[in-house]
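Participant: Quick one: sequence plus predicted model below, questions after.
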Amino acid sequence: MRFYLDEHLSPCIAEIARGLDLDVVSALELGQRRLTDRAQLELAAQEDRCLVTLDRDFVSLTVRFLQNHQPHNGVLLVPTSLPSAHFSGIAQALRRYADSHADTPMAYVIDYLH
């Protein structure tokens, strides 16, 4: 499973997650700052990555992508119980998610990290 962190999540999370043998990139690492939510989701889909975000707007955007048959590779929402500054906690949650959903097709999936 491949992940794309939107611009609201620190690239430190991506760095820690790569140390856990995950394929994770950050919008900020890639210079993708200030893209619209739609553009972020399109970029993640083009790169066959599941978008990881704090932004609940991606729920309604996912519905629109489904209705329009646009490519989509899933959205993982970071819950408020997992502070965005808890970099290692988010990276470890991504590792657990990848391990438990390795065979899950992610198209149009919206889920929460635990």
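Facilitator: Looks like it came in fine.
Participant: all helices for this protein, in order.
Facilitator: Using DSSP state H, the helices of the chain run over residues 11-19, 37-46, 57-67, 87-100.
Participant: In CSV, list those along with distance to Pro79 and mean neighbour count.
Facilitator: For every residue, glycine as well, the C-beta is placed using N, CA and C. Formatted as CSV, the helices of the chain follow (distance: least, Cβ to Cβ, whole Å; neighbours: other Cβ atoms under 10 Å):
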stretch, distance to Pro79, mean neighbour count
helix 11-19, 15, 19
helix 37-46, 19, 18
helix 57-67, 13, 14
helix 87-100, 9, 18
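Participant: what about the ones you listed, which gets the closest to Leu30?
Facilitator: When those are compared by Cβ to Cβ, helix 37-46 sits nearest Leu30, at 8.3 Å.
Participant: gap between the closest one and the chain center?
Facilitator: 10 Å (Cα atoms, centre = their mean, to the nearest Å).
Participant: for stretch 43-57, same thing?
Facilitator: From the chain centre to the centre of stretch 43-57 is a distance of 4 Å (Cα atoms, centre = their mean).
Participant: Tabulate the helices of the chain (TSV), appending distance to His114 and mean pLDDT.
Facilitator: As requested, those are exported to TSV (distance: least, Cβ to Cβ, whole Å; pLDDT from 0 to 100):
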stretch	distance to His114	mean pLDDT
helix 11-19	15	98
helix 37-46	21	96
helix 57-67	17	96
helix 87-100	6	97
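Participant: Now tabulate those helices in CSV and tack on distance to Asn73.
Facilitator: Shown next, in CSV, are the helices of the chain (distance: least, Cβ to Cβ, whole Å):
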stretch, distance to Asn73
helix 11-19, 17
helix 37-46, 5
helix 57-67, 10
helix 87-100, 13
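Participant: Run through the residues that contact Gln40.
Facilitator: The contact partners of Gln40, by Cβ atoms under 8 Å, 6 or more residues apart in numbering, come to 4, 6-7, 27, 32, 51, 53.
Participant: Nothing else from me, thank you.
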